[in-house]
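Asker: model the following, please.
(2 chains)
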Amino acid sequence: MPTNRDDDILDSPVPDPDMEATPSERAHAKAFADIIDKAIAGKTPPAMSADDRALVEVATVIRAANGQLELSANRQRSLVEDALRQAVGGVAASGSGAGVTPIARPRAKKWVPWAITGLSTAVAAAAVLVLWLRAPETKVVEKPAVAKVPASWTSRPADPLIGPIAREQAGDASSRIDYIFADRLDGYRERRMTPRGGKP
Amino acid sequence: MKPWKPVVIVALLTSAISITFVACSANDRDASPPSQTRTAEPTDVIDEQLMVALGQAKNFHRKAKVYMSDGNLAAATTSVRQILSLRFPAGAPEAEDVRNDARALLAKLLVSQNQVEEAMTTVSEGLAQSQRESFFVANLHTVQGEIHEARAAAADAEGEPGKVRAAEERRKAIAAYDRSIQINEKLQKQLMEER
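Answerer: Just a heads-up that it's a prediction; the model follows:
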């Protein structure tokens, strides 16, 4: 048969639900009810057993979760006035830390990352625009100076060599190609025989 | 991780990359300028490719001459035609001169084989493809005049109906000779001034 240990209610075995409460249990229940009443009235006893304190905390949480907490009329009035003052740019009159938290502060916190994002994006866009809209590069193309070589070494029109072609020689292309070939061969050989960098 | 953090990181990275690109692009402009000197080889001077092409043209002309002396005008024509498809170095002035001279001979060969229209086409193509005036272009105009004369002779042979056409061809022949003379005079004057 289980035994009840009233001085250790949380650690002792759970009694049978049909079992009659002992006088000790009744006395403990009455004492705890007084503590709860005081806690609701805002006058929680400074000293109580660890088990009682744990139970009081649980009771407080349950009560708060039920939404049955109500602020006193003075406290309500004070909070509303603080909120209104902050709304018009004033400073909260109640200097306590439990004053109304300004709405503007969280909003400012939300703006910071988006401001950084916007600024970075603007910088990136500006960089892209700079690349795109940059004035076209004006390259001064200077014609490379060709190393001077004798005209006879170069590929050139055959007009000075052949001269005007008479009508009766219009079909004498064979003779003309002989002249052109011989002349260009001379120039080619001369160029090939001359050491590089040396004067012809 | 807060939801806005990836957005901020991406934006910062994008701007950093963009700025890096701009900086690199600016550095490119400061690159050293290209060299201002170069050797004359191989674009301007007489090179192997030009000599090979000229040598081949010379051989085709020689072949054509042998065929002509043998009376084989068709083979001579084929030989001269091959000169037109020789590959010369790009931009070599000799290429145009050699081709125009070959066209003049080819046209005369075609006329002698009564292929007057093909001869005219050969000459006209040469004139159209020429990039500059030369004695060879003037020679093409001379041959063009001869072709017009050949056309006039053919029109005359038709009798009365061809007389108008013959007169027109003679007028064109004179115009072609005049053009040839004009080019020759201009070029001779230029050569005299250069000397």
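
Asker: distance of A:Tyr188 relative to chain B?
Answerer: When distance is defined by CB to the nearest CB, to the nearest Å, A:Tyr188 is 4 Å away from chain B. Where you see a C-beta, it was placed from the backbone N, CA and C, and this is true even at glycine.

Asker: now that residue. Nearest residue, chain neighbours left out?
Answerer: Using CB to CB, 6 or more residues apart in numbering or on different chains and skipping the chain neighbours, the partner closest in space to A:Tyr188 is B:Ile46 (4.3 Å).

Asker: correct me, but the one you found touches A:Ser155?
Answerer: Yes - contact status for B:Ile46 versus A:Ser155: in contact at 5.6 Å, counting by CB atoms under 8 Å.

Asker: so which of the two has more stuff around it?
Answerer: Applying other CB atoms under 10 Å in any protein chain shown to B:Ile46 and A:Ser155 shows that B:Ile46 carries more neighbours, namely 28 against 22.

Asker: and the more buried one, its phi and psi?
Answerer: According to degrees, to the nearest 10, the main-chain angles of B:Ile46 amount to phi -70, psi 120.

Asker: now do the contacts for it.
Answerer: By CB atoms under 8 Å, 6 or more residues apart in numbering or on different chains, B:Ile46 lies in contact with A:153-155, A:184, A:187-188, A:191.

Asker: ok, those residues vs B:Val111, which is closest?
Answerer: A:Arg184 (30.3 Å; CB to CB).

Asker: which residues in the chain form helices?
Answerer: You didn't say which chain, so I picked chain A. Ranges of helices within chain A are A:23-40, A:50-65, A:73-87, A:104-133, A:159-162, A:173-193, based on DSSP state H.

Asker: hmm, I had chain B in mind actually
Answerer: B:5-29, B:48-69, B:73-83, B:93-112, B:116-129, B:135-157, B:163-194.

Asker: related to what we said a few turns ago, could the contacts of B:Ile46 go into JSON lines alongside pLDDT?
Answerer: Output for the contacts of B:Ile46, formatted as JSON lines (pLDDT from 0 to 100):
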{"residue": "A:Trp153", "pLDDT": "91"}
{"residue": "A:Thr154", "pLDDT": "92"}
{"residue": "A:Ser155", "pLDDT": "92"}
{"residue": "A:Arg184", "pLDDT": "95"}
{"residue": "A:Gly187", "pLDDT": "93"}
{"residue": "A:Tyr188", "pLDDT": "93"}
{"residue": "A:Arg191", "pLDDT": "87"}
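
Asker: by neighbours, which of those residues wins?
Answerer: Busiest of those [other CB under 10 Å] is A:Arg184, holding 24 neighbours.

Asker: from chain B, how far off is it?
Answerer: Taken as CB to the nearest CB, the span from A:Arg184 to chain B is 5 Å.

Asker: spatially nearest residue to that residue, not counting backbone neighbours?
Answerer: Nearest non-adjacent residue to A:Arg184 (CB to CB, 6+ apart): B:Ile46, at 5.2 Å.

Asker: let me know the pLDDT of that neighbour.
Answerer: In this model, B:Ile46 is scored at 92, pLDDT.

Asker: quick one: distance of stretch A:45-65 to the chain centre.
Answerer: Distance of stretch A:45-65 from its chain centroid, counting by CA atoms, centre = their mean, to the nearest Å, is 46 Å.

Asker: put the alpha carbons of it into CSV.
Answerer: Extracted in CSV, the C-alpha atoms of stretch A:45-65 (Å, rounded to 0.1, in the frame of the first residue of the first chain):
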residue,chain,number,x,y,z
PRO,A,45,5.2,35.6,-0.2
PRO,A,46,8.9,36.1,-0.3
ALA,A,47,9.6,32.7,1.4
MET,A,48,8.1,29.4,0.4
SER,A,49,9.2,25.9,-0.2
ALA,A,50,10.8,24.9,-3.5
ASP,A,51,7.8,22.7,-4.4
ASP,A,52,5.3,25.5,-3.6
ARG,A,53,7.3,28.0,-5.7
ALA,A,54,7.3,25.6,-8.7
LEU,A,55,3.6,25.1,-8.4
VAL,A,56,3.0,28.8,-8.1
GLU,A,57,5.0,29.4,-11.3
VAL,A,58,3.0,26.8,-13.1
ALA,A,59,-0.3,28.3,-11.8
THR,A,60,0.9,31.8,-12.9
VAL,A,61,1.7,30.6,-16.4
ILE,A,62,-1.6,28.8,-16.7
ARG,A,63,-3.5,31.9,-15.6
ALA,A,64,-1.5,34.1,-18.1
ALA,A,65,-2.2,31.7,-20.9
